[in-house]
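*Asks:* when you get a sec, could you give me coordinates for this:
(chains A and B)
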Amino acid sequence: MEKKIKVLVAKPGLDGHDRGAKVVARALRDAGMEVVYTGLRQTPEQIVVAAIQEDVDVIGLSALSGAHLHLFSEVVKLLKEENADDIIVIGGGIIPEADQLVLKEKGVAELFTPGTPTGEIVEFIKTNIK
Amino acid sequence: MKDSKYNERKEEFTLSTGEIIKRLYKQKKNVEFLDETALPGEFPFTRGVYPTMYRGRLWTMRQYAGFGSAEESNQRYKYLLEQGQTGLSVAFDLPTQIGYDSDHSLARGEVGKVGVAIDSLEDMETLFSGIPLNKVSTSMTINAPAAILLAMYVALAEKQGVSLEELSGTIQNDILKEYIARGTYIFPPTPSLKLITDTFAYCSENLPRWNTISISGYHIREAGSDAVQELAFTLADGIAYVEAAEKAGLEVDKFAPRLSFFFNSQMNILEEVAKFRAARRLWANIMKNRFNAKKKKSMMLRFHTQTAGAALTAQQPENNIVRVALQALAAVLGGTQSLHTNSYDEALGLPTEKSVQIALRTQQIIAHESGVADTIDPLGGSYYIEELTDKIEKEVKNYIKRIDELGGMASAIEAGYVQQQIQDTAYQYQLDVESGKQVVVGVNEYQSEVEREADLLKVDPAVEEKQSKKLKRLKENRDNQKVTKSLQELKAAAESGNENLMPYILNAVKVYATLGEITDILRDIYGEYRASTL
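*Replies:* Sure thing, here's the model as predicted:
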């Protein structure tokens, strides 16, 4: 049997908007993936530790507080330091286009903004997983 | 009626709850839709809380704003007041909302982002510089540390020489919905409720015109609930606060007149109007029958409304101007006391001065050009609106009954019941959008390939550093002995468990103890809330 794709859905920082994170978590589960949701107020360090411990393939970060540049970059940086940058990092939230470019340059694989069908996220993960 | 000659364009027409909407609503036999005694300003206030409503005074146009430093936000407030806004609404950044000073490690990346950073009375002085507090009413979206920010506002009023009887405004102060939907909790429920009832008691003695709480359905709806759930969970939260206050020994008619509410206005205009009407009738009955309130004012549900952030689309953002106008119209037809209209670019980032101006103009057009403010409850008596009002009332009562069976709202939240209900509805909505059952113009139909231009507001990235420097300077220049003493006294009072903490918090903010320092004292005693993940 093929191994299930495993995803950590995480809320970095102090933001409490978790409707998107929870909807995406459920959609990924419905698409046959194994999903761990961290809950609110995770530091980048906590997220990276959880991702390595849980041996996930993908980290999905959600932030609607505007702190995405700092927080998402930090997660990518820490993963590199831990030699765990085979884990794909994707993100979602209210992320202006200029910031999306910066984040992609830093190693975030893809960013999904409001209105994205969950099927698009499922598809992206399935296509990009090694 | 299945008649091929009269095919309908959909299998079924539904409300946000999934309830079926009939083709036509007719007068029900033997039912008086409009009870002649149910006049506006009269129990149960279905048609409005005041006898003249907008013919007497329009709703307060109150745009939620705040970003970056206190200086920048002060400029935005002055701009809004110049544009004809009639009340202020302060957005605080997340570190402030969770009781961290700007130099705390967990504040990194968040300072000044979703609102203004306030660390001490000094920042509050800057925030309201040139704005006399007896000339504006101020709403503050602050919950877990509401008592501290209120104390800062009171201290500032005293500095400005404004008497406390003149102060008018609102603190959100609604912790239960933070556990359910918004996430800026600090302490566990029991001490949080104590802080809330402390503010009730303090305000009933000192701030007669202050709304001590804004019991909020807004965020519950944003988290994905439907209209009935929004109303049911909000009123159930309200019941929990009244019970907590009574348990703390407060007399219902002393604090209940200053309770206020905050609702969302979503896309289905008629459903929303019925929701607002049902809200007033339900609360009036709860206060009268469940809590034996005697004063009319204790039974009046007064509310603020904000248009639905979740309804804004990143695609074809200009369409949001129309969405906001329709939602604002529903709020006005529903009899709101104050209103915030969202800016069309908020699914992309922080709004610009221009987009905020359009949002405010939308309210002014409704107020002065549309004619809907010229008579009271203009949709009252419509067969559909009246039937829907009754239906929502009935469904909300069922939810409240269920919550009572679970042991009240605190228990229902602890059991995860409320959160699960909301999540199920949110997910169903997402599925409906993806299947096309729910059309969202520009998102799943009528898409266009036009590149969007985003002229967005940028928060000064240096704000974090500036705030940290300011804090350092403050701590060097204030009388630190007085600070230490005030914090020790607060600690002793909090440990005793039976003293009202407001006077102690007020003393501490006056000698420039910071928000973080005060919150840390309480964190040590009360502990921190940890949500279970569902």
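*Asks:* could you find the closest non-adjacent residue to the residue of chain A found nearest chain B?
*Replies:* Using C-beta to the nearest C-beta, the point where chain A gets nearest to chain B is A:G16, with a distance of 1.8 Å. Yep, even glycine has a C-beta here, placed from its N, CA and C like the rest. Spatially, and ignoring its direct neighbours in sequence, A:G16 is nearest to B:G183 (1.8 Å; C-beta to C-beta, 6 or more residues apart in numbering or on different chains).
*Asks:* strands along chain A, start to end?
*Replies:* Under the criterion DSSP state E, chain A carries strands at the ranges A:6-10, A:34-37, A:58-63, A:88-93, A:110-112.
*Asks:* now mean neighbour count and mean pLDDT too, for these, in TSV please.
*Replies:* Compiled in TSV, the strands of chain A are given as follows (neighbours: other C-beta atoms under 10 Å in any protein chain shown; pLDDT from 0 to 100):
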stretch	mean neighbour count	mean pLDDT
strand A:6-10	26	98
strand A:34-37	19	97
strand A:58-63	26	98
strand A:88-93	23	97
strand A:110-112	20	97
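*Asks:* pipe those into TSV and attach distance to chain B per row.
*Replies:* Putting those into TSV (distance: least, C-beta to the nearest C-beta, whole Å) gives the following:
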stretch	distance to chain B
strand A:6-10	10
strand A:34-37	5
strand A:58-63	9
strand A:88-93	11
strand A:110-112	11
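*Asks:* possible to save those strands as a markdown table with distance to B:P188?
*Replies:* Written out in a markdown table, the entries for the strands of chain A read as follows (distance: least, C-beta to C-beta, whole Å):
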| stretch | distance to B:P188 |
| --- | --- |
| strand A:6-10 | 24 |
| strand A:34-37 | 22 |
| strand A:58-63 | 25 |
| strand A:88-93 | 28 |
| strand A:110-112 | 34 |
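*Asks:* out of those strands, which gets nearest to B:N507?
*Replies:* Distance to B:N507, taken as C-beta to C-beta, is lowest for strand A:58-63 among the strands of chain A, at 37.3 Å.
*Asks:* got the angle between the closest one and strand A:88-93?
*Replies:* 20 degrees (axes from the mean of the first three to the mean of the last three C-alpha atoms, to 10 degrees).
*Asks:* how far out from the middle of the chain is strand A:58-63?
*Replies:* Chain-centre distance of strand A:58-63: 2 Å, with C-alpha atoms, centre = their mean, to the nearest Å.
*Asks:* quick one: low-confidence ranges for the chain?
*Replies:* Answering for chain A, as no chain was given. Scanning chain A with the threshold set as pLDDT under 70 gives A:1.
*Asks:* other chain: chain B
*Replies:* Low-confidence segments of chain B, defined by pLDDT under 70: B:1-4, B:29-37, B:450-454, B:533-534.
*Asks:* residue of it nearest chain A, please.
*Replies:* Distances between chain B and chain A by C-beta to the nearest C-beta are smallest at B:G183, namely 1.8 Å.
*Asks:* what is the burial count for that residue?
*Replies:* Around B:G183 there are 24 other residues, counting by other C-beta atoms under 10 Å in any protein chain shown.
*Asks:* would you confirm that it contacts A:A21?
*Replies:* No. Under the criterion of C-beta atoms under 8 Å, B:G183 lies out of contact with A:A21, with a separation of 11.0 Å.
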